[in-house]
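S.K.: The amino acid sequence is not available; the structure is as follows:
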């Protein structure tokens, strides 16, 4: 980690993420208004002293909605990636450790999943299941585990024949012990990197789903649906689209810079010493 | 160099006035109405076909309405008048209607249009094999006959008051092109031949439909040569197209109408705004099969707890009217005595208390038998309904009701919740026909899945009135029946009337001949008189 | 080479079976059965079309029979006709007894989406290649950082937001480009050159948006590939032999770094097709993404299934082509060393 933060971009990414996470965490403390408090007398106010980011079509405070919406958007990212990573680790580990026909089946499944346009899959499933925040997280998770699986498998395949693993095996270590104490900890870095990048994609996918009306549903705020609400007034009430647009941009950028920096730092070949 | 930079800066700052100002046209001059030009509008969805009885969606009816005629139509004051029919008479026993067609009617392909085509259309709409939801009205006809080529006669089993209205809604189809075809699947739906002002010239899938003046039109010649409907799914993109003068008309939402236009003088220079009271209203409907909504006190309490004026002001920005009956305010059928339930939270609480709901455990939410009063408000993806739901949620909270909102995409909404009746409360809208008959919405026999009385309303007195209303042809007696029906409905409160919004549209000022203010039938009543002066016609590559 | 090709080809069979399984599962995902979710208030039409659907997918038969019938449909690419769009054939054109040809929905939509994606791929390569190379050569210097930041911003910006802003800027404020749609009104009357120009103008924004969001992946791939190659022995050898630095970079390093890019293109097809939904909705372009989204909203199952299958098939073909190209470009694979 320290290593990666010597890279100025990774540092920027880290600071952005840390800042946004902090804001989302303390949202209830700093939000000036209840994010759902309606005020029909203060509709579509431009940013001003009382409403730093203006108000929306129902007179709700955009800043407060942004803060609370950030919690939802980030939650979607974390949970979705959590699901994908968990599936990926399990399948990748089984595949790389046991090899043979299990490996063949899992890898062919990965190929199948990779050949279907993922966003189509997500769209169809969410529409049929009716959009709810949980469905969105689960579906994004279930359609994005393939990368992690391949990663973990590759790590396991290469670690499997290393001396320390062979030695432990010779000493009679059980499979589970081998996996959990030797193989997994040594594969952690690429998993973390890919999770970080995955969160960025999930945040983008949520905003895309919101644009299509299948994202997090009103009245719950997410950056995606605040932005979608604002798009019709892009030339008039610019604050409705600018702030959520920037928030998504910064978050995704932050995760990408951090993830890329980490990958660079741990990839021995692309790192000059 | 500095100078160039400066100019560049000015151009990039100078909003839309920058390079278009050179071409600014003064749209206030008067010109005689001439024919020619193209009117471009935009729609969000593509029609599935142009046989309205099969397609059903609004995009299809909007376009098919320019291509096909009906026997009758509504004039600008919403009185029935002849379209293909020159006149009609009703027999003394009120069971038989005889339509006399205008002489020398022609299809766009120059074939004669006769009573045979009308009969054929009736046969198709009542055919069991035809997949149309509109057949039931026409199945009440026991005998349909064509005494001669210009006469069409139908006989009903009993007098049927909405009959004329139904004939004003049925597009007459050409027998000579459809007689050997399966109407559900025929290629005719994408390549129609009608008799109205326009005919289909080109249908570019997913891009646009282009109509051209029909020289054989039965109703005379329209002024504008081409109607072009572009398919632009995204409303924001539509508005950009309107701002850039690439389309001539689109429907607006209240924010665009009341906030954006007043703030953008350069838009007002070229675009005129119109508003008209539409034929629809928004309501909150209860699932009467579910407790506690079977209790009239609970329904009335919720009615008192909702502030309708706040919805009109907040969601419609004042561009709407309160409603107290399921009819357009100001029309004959709307009972002028009825007033909406006033906003009265105290009364709401009292009624809820009478129904057994009180906050026993002090958590701020009223409860009965240990169960808190909590339910879900379901609505479809419609910004205004969603906002209405949010306003209602807040008012209900004030009387101790915990309501959650769930917004659903239309197909799930219908298929998963409405048809199987898996809902507590919905926020939805009804669009109404001009005839007061609302049998299919309120009669207790109309509750099967997919039928319109999905809230399961059942009141013997209302059933009787609805049945009587269909048999009564005398307008004054009919009016009394529906006034009484509306009064009972308001008292019963199976739905809470929320508001009737204005239809808002923006039309480019190059289009002339539009009645403003809109007559009862709306600005669209005389589209054939709309015209585009030569001087204002869009410079198009297509005009060779 | 032939053996490799055959092997590669037979590999696709288990994948196709898997794809058929997944699409079959999706169809059965809708609660109840797929016939219960029709998108209209129409007691009659729904009963009718439910019956038709039941027949089409043999819903009364056991699941195994249904599945094998579905496999047969997939194998013959016969997805029937659309429910929502007045009986248009889902995949390919049909002719009725009067000789009227009705074009297939995918047949019309696919070339549009492919055109946009091919153009954007070309644009991506044109921009990403030099950026990636510069980035690698100036590793960890300012240029590298700026490029990385730039491509990531392109990736991170929500596409529809950028699209609307560009539409406003280039279409409303300056009238440089058309805002939406695929062709101008008088398109048919134009000379072929005019037609091409007109279409390109309409596609400019969608292609640009698609390219800007796809830039990061390729640019970084080139950068990291270059770095990896630059550190390899033979490059060091070439350098130590005193070869011109330019020749080292462009003659050896770049060529070797670019090879894996072929595979990446094959793999990026589903992402590109899937990503077309939003751009096509906002720019009013009747491509695969818009078609799929409409089908989902209308519960038009034949179209949904058709697009999923065709999309997956395209990916497989893309991968196959990429693999073959790779084998052709890299002699080691041809000789089977990589097996």
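M.R.: That came through, no problem. Every value quoted in this text rests on a predicted model; they were computed, and no experiment measured them.
S.K.: Identify the spatial nearest neighbour of the residue of the stretch 151-273 of chain A at minimum distance from chain C, chain neighbours not counted.
M.R.: Relative to chain C, the nearest point of the stretch 151-273 of chain A is residue A:252 (3.5 Å; CB to the nearest CB). From N, CA and C alone the C-beta is placed, and that goes for glycine too. Excluding its sequence neighbours, the residue lying closest to residue A:252 (CB to CB, 6 or more residues apart in numbering or on different chains) is residue C:156, at 3.5 Å.
S.K.: quick one: contacts for that neighbour?
M.R.: Counting by CB atoms under 8 Å, 6 or more residues apart in numbering or on different chains, residue C:156 makes contact with A:200, A:204, A:248, A:249, A:250, A:251, A:252, A:253, A:256.
S.K.: try residue A:180
M.R.: Residue A:180 makes no contacts at all, as judged by CB under 8 Å, 6+ apart.
S.K.: okay, it: pLDDT?
M.R.: What the model reports for residue A:180 is a pLDDT of 82.
S.K.: what about it, distance to residue A:190?
M.R.: 17 Å (CB to CB, to the nearest Å).
S.K.: hmm, which helix or strand of chain A has the shakiest average pLDDT?
M.R.: Across the helices and strands of chain A, mean confidence by mean pLDDT, DSSP states H and E is lowest for helix A:2-5: a mean of 61.
S.K.: So what does whichever residue of the stretch 251-400 of chain B sits closest to chain C look like in phi/psi?
M.R.: Taking CB to the nearest CB, chain C has its nearest neighbour within the stretch 251-400 of chain B at residue B:381, 9.7 Å off. Per-residue torsions, residue B:381: phi -70, psi 90 (degrees, to the nearest 10).
S.K.: tally of neighbours for it?
M.R.: 19 (other CB atoms under 10 Å in any protein chain shown).
S.K.: May I have the residues that are in contact with it?
M.R.: A:213, B:407, B:408, B:409, B:410.
S.K.: Surely the fourth one touches residue B:379?
M.R.: Right, the one you point to is residue B:409. No - taking contacts as CB atoms under 8 Å, residue B:409 lies outside contact range of residue B:379: 11.1 Å.
S.K.: The two: who's more crowded?
M.R.: Using other CB under 10 Å, the more surrounded residue of residue B:409 and residue B:379 is residue B:379, with 25 against 20.
S.K.: picking up where we left off before, what's the first helix or strand after the least confident helix or strand of chain A?
M.R.: Proceeding N to C from helix A:2-5, the next assigned helix or strand is helix A:8-25, under DSSP states H and E.
S.K.: Report whether that following helix contacts chain C.
M.R.: Yes - with CB under 8 Å from any CB of the partner chain as the measure, helix A:8-25 is seen reaching chain C through A:8, A:9.
S.K.: Okay, buried residues for that helix please.
M.R.: Using 16 or more other CB atoms under 10 Å in any protein chain shown as the test for burial, helix A:8-25 gives A:9, A:10, A:12, A:13, A:14, A:16, A:17, A:20, A:21, A:23, A:24.
S.K.: what angle separates the helix or strand containing residue A:200 from helix A:8-25?
M.R.: Per DSSP H and E, residue A:200 falls inside helix A:184-211. Counting by axes from the mean of the first three to the mean of the last three CA atoms, to 10 degrees, helix A:184-211 lies at 60 degrees to helix A:8-25.
S.K.: Just the strands from the stretch 351-500 of chain B, written as ranges.
M.R.: For the stretch 351-500 of chain B, the strands defined by DSSP state E, counting those that start in this stretch cover B:367-368, B:371-372, B:374-380, B:402-408, B:425-431, B:495-508.
S.K.: Which one of the contacts of residue C:156 is nearest to chain B?
M.R.: residue A:248 (17.1 Å).
S.K.: so the closest one touches residue C:155, yeah?
M.R.: No - if you go by CB under 8 Å, residue A:248 and residue C:155 don't touch, sitting 11.5 Å apart.
S.K.: So which of those two has more stuff around it?
M.R.: residue A:248 (26 against 23).
S.K.: hang on, the more buried one is in a helix, isn't it?
M.R.: Yes - according to DSSP: H, G, I helix; E, B strand; the rest coil, residue A:248 belongs to a helix.
S.K.: what's it in contact with, if anything?
M.R.: Residue A:248 touches A:73, A:203, A:204, A:207, A:223, A:224, A:227, C:156, C:157, C:158, C:161, counting by CB under 8 Å, 6+ apart.
S.K.: Next, count neighbours for the fifth one.
M.R.: It stands for residue A:223. 30.
S.K.: distance of it from chain B?
M.R.: Note on residue A:223: its distance to chain B, by CB to the nearest CB, to the nearest Å, is 17 Å.
S.K.: excluding its backbone neighbours, what's nearest residue A:92?
M.R.: residue A:152 (2.7 Å).
S.K.: Wait, that neighbour touches residue A:191, no?
M.R.: Yes - the pair residue A:152 / residue A:191 is scored as a contact, 6.6 Å apart, by CB under 8 Å.
S.K.: And for residue C:237, the neighbour number?
M.R.: The burial count for residue C:237: 12, using other CB under 10 Å.
S.K.: mind checking pLDDT for it?
M.R.: 73.
S.K.: Can you say which helix or strand has whichever residue of chain B sits closest to chain C in it?
M.R.: Nearest residue of chain B to chain C, counting by CB to the nearest CB: residue B:206, 2.2 Å away. Counting by DSSP H and E, there is no helix or strand that carries residue B:206.
S.K.: Quickly note the distance from it to chain A.
M.R.: Per CB to the nearest CB, residue B:206 is found 17 Å from chain A.
S.K.: Got phi/psi on that residue?
M.R.: Dihedral angles (degrees, to the nearest 10) for residue B:206: phi 70, psi 0.
S.K.: what about the nearest residue to residue B:29 once chain neighbours are set aside, how many neighbours?
M.R.: The shortest distance from residue B:29 to any residue other than its chain neighbours is 7.5 Å, reached at residue B:535 (CB to CB, 6+ apart). Per other CB under 10 Å, the neighbour tally for residue B:535 reads 12.
S.K.: my guess is residue B:535 contacts residue B:30, does it?
M.R.: No - the criterion here is CB under 8 Å, and residue B:535 misses it with residue B:30 at 10.8 Å.
S.K.: tell me the SS of residue B:227?
M.R.: strand.
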